[in-house]
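**Student:** Predicted coordinates and the sequence they were generated for:
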Amino acid sequence: MAREYLDFRSDTVTRPTPGMRRAMAEAEVGDDVFGDDPSAERLQRRIAEMLGKEAAIYVPSGTMSNLIGVRLHCKPGDEMICDAGCHIYNYEQAGYAQLSGVAVRTVNGRGGVMEVEQLDGLIRPADPHYVRTRLVTIENTHNRGGGRIQPYEVVKAICRWGHENGLATHLDGARLFNAAVATGIEAARWAKHFDTVSVCFSKGLGAPVGSALAGPRDLIAEALRHRKVLGGGMRQAGVIAAAALFALEHHVQRLADDHANAQRLADGIRKIDELELDPAQVDTNLVFFRVDPVWGAAADFAAKLKERGLLMLATAPTTIRAVTHLDVDEKDVDRALEILREVARRQNQ
């Protein structure tokens, strides 16, 4: 029998709840490539409505959703501007370059937050020697920034700057609903500043598969072509679309529980002298902390946690990430803290 672990590696490890499984089993289905799947159609209408956009398209992953967003706005030889720590740049295998011929100009934001002043002068001159600057992207919440919520006024300012300078804007909102719940600013208010918005159903919302890209109707119609060439067309997609619909109905507001559990975890880590929160501020459901490099790599520390039944993710030589989600509760957090204290103190002996 497989060993049961406390799994804090990611909010992608959640398993469908009984209610979600029932919704999946009872889903109306058709062939979504032909546009005949009623559950997928309902999901696309619902997420477009929630984001205040004309239309949306359901895709298998956030990586595909972001790539399609970039391809809608940029042709080969074009360039996009993004934060140096963002997910598109670091964790999506440079698909924008491999598959779309798009270049990137990075900005070193603070904790993943770019300031509009950093963007001044970055647009390339209209000269055949240069790539054409076409797009600016923002990630909210920001993974490598520690689950940081982008300041709303900064988002407005950057998108206004982009549009005033003829650039398109794309939001990697994989965890946008975390930002919405934590701030009380509805997802549609965040989304209205962007031409296209990607959201993920398989992170904090707890669905097993899928993301969506939302935007103007004409762009989403074009996105269908991109989804096809990238291999993202799905047949009876309603089985998994039903899970995403269930998540939107039942799992958005409960993200506040994940945030509270992350704060509980962070408060406990602050009391462990051998560990250091980095960043010190915890906005949502991601908690990053540093281990002493004299102990060896963070991966070694994570391996010792695993021996005691706790899974966390080493993300850098001395950094570990812990993520709270649907499948962990207060008792799990308290047990995780017990294991962290035990391992940290043994390492320090």
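**Tutor:** Looks like it came in fine.
**Student:** hmm, who's touching the helix or strand hosting residue 314?
**Tutor:** Using DSSP states H and E, residue 314 maps to strand 313-316. Identification of contacts with strand 313-316 by CB atoms under 8 Å, 6 or more residues apart in numbering yields 8-10, 144, 288, 297-299, 301-302, 320-323. Just so you know, the C-beta spots here come from the backbone N, C-alpha and C atoms, and that holds for glycine as well.
**Student:** Can you say which of these are buried?
**Tutor:** The neighbour-count test (16 or more other CB atoms under 10 Å) marks 8-10, 144, 288, 298, 301-302, 320-323 as buried among the contacts of strand 313-316.
**Student:** List the buried residues for stretch 129-136?
**Tutor:** So, applying 16+ other CB under 10 Å, buried residues of stretch 129-136: 131-136.
**Student:** For that stretch, the averaged confidence score.
**Tutor:** Stretch 129-136 shows a mean pLDDT of 97.
**Student:** Just give me how far it sits from the chain centre.
**Tutor:** Distance of stretch 129-136 from the chain centroid (CA atoms, centre = their mean, to the nearest Å) equals 25 Å.
**Student:** picking that back up, for the buried ones among the contacts of strand 313-316, which one is nearest residue 180?
**Tutor:** The nearest member of the buried ones among the contacts of strand 313-316 to residue 180, counting by CB to CB, is residue 323 at 17.9 Å.
**Student:** what's across from that closest one in the sheet?
**Tutor:** On DSSP bridges, the residues paired with residue 323 through beta bridges are residue 286.
**Student:** That one reaches residue 284, doesn't it?
**Tutor:** No. Using CB atoms under 8 Å, residue 323 makes no contact with residue 284, being 9.6 Å away.
**Student:** shared neighbours of these two, anything?
**Tutor:** Contacts common to residue 323 and residue 284, judged by CB under 8 Å, 6+ apart, are residue 262.
**Student:** Show me this structure divided up by domain.
**Tutor:** 18-250, 254-348 (automatic domain parsing).
**Student:** Those: which one's closest to residue 4?
**Tutor:** It's domain 254-348; of the domains of the chain, that one is closest to residue 4 (CB to CB) at 7.5 Å.
**Student:** Might you calculate how far the closest one sits from the centre of the chain?
**Tutor:** With CA atoms, centre = their mean, you get 20 Å for domain 254-348.
**Student:** that older thread, mind checking which of the buried residues of stretch 129-136 land in strands?
**Tutor:** 132-136 (DSSP state E).
**Student:** Export those residues as a markdown table, with columns for distance to residue 313.
**Tutor:** Shown next, in a markdown table, are those (distance: CB to CB, whole Å):
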| residue | distance to residue 313 |
| --- | --- |
| 132 | 38 |
| 133 | 34 |
| 134 | 34 |
| 135 | 30 |
| 136 | 29 |
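**Student:** Please, where are all the strands along the stretch 201-349 of the chain?
**Tutor:** Counting by DSSP state E, counting those that start in this stretch, residue ranges of the strands within the stretch 201-349 of the chain are 211-215, 276-277, 286-290, 310-311, 313-316, 319-323.
**Student:** ok, and which of the ones you listed has the densest surroundings?
**Tutor:** Each of those was assessed for mean neighbour count using mean count of other CB atoms under 10 Å. The highest is strand 211-215, with a mean of 29.
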